[in-house]
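Peer 1: below is the sequence, then the predicted model.
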Amino acid sequence: MDKKNALRAGVVTAGSALMMLLMSSPALAVTRDDGDDPGPGLSVVQTLGLFVGLPLLLFAVIAGLVMVGDKSHKQQG
């Protein structure tokens, strides 16, 4: 019975992934829309900084603030 449920879950997952791929056609991104005014592209360094470096920095800042708040809470108790 477990194999049947696993097979059913696999088929549903694969089917929904396939439908999402078919519905989001990247070919539509080639045609420009009215009023479309794209800016200049980002370099590799700018892209890595924006999508990798900045989230890591924000994670470190939030983790640091949580750790500082936790230490000050333990000292008062």
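Peer 2: In hand now; what should we look at?

Peer 1: what helix or strand is Met19 located in?
Peer 2: With the criterion set as DSSP states H and E, the secondary-structure element containing Met19 is helix 2-23.

Peer 1: any idea of the mean pLDDT for that helix?
Peer 2: Averaging the model's pLDDT scores along helix 2-23 yields 89.

Peer 1: one more: stretch 35-45?
Peer 2: The predicted model gives stretch 35-45 an average pLDDT of 88.

Peer 1: got the buried residues for that stretch?
Peer 2: Within stretch 35-45, no residue is scored as buried using 16 or more other CB atoms under 10 Å. Bear in mind the C-beta positions are built from the backbone N, C-alpha and C, glycine included.

Peer 1: ok, the residue most central in space within the chain to Leu42 distance?
Peer 2: In the chain, the C-alpha closest to the average C-alpha coordinate belongs to Phe51, at a distance of 9.6 Å (CA atoms, centre = their mean). Applying CB to CB, to the nearest Å, the value for Phe51 to Leu42 is 9 Å.

Peer 1: same check on Val30?
Peer 2: 19 Å.
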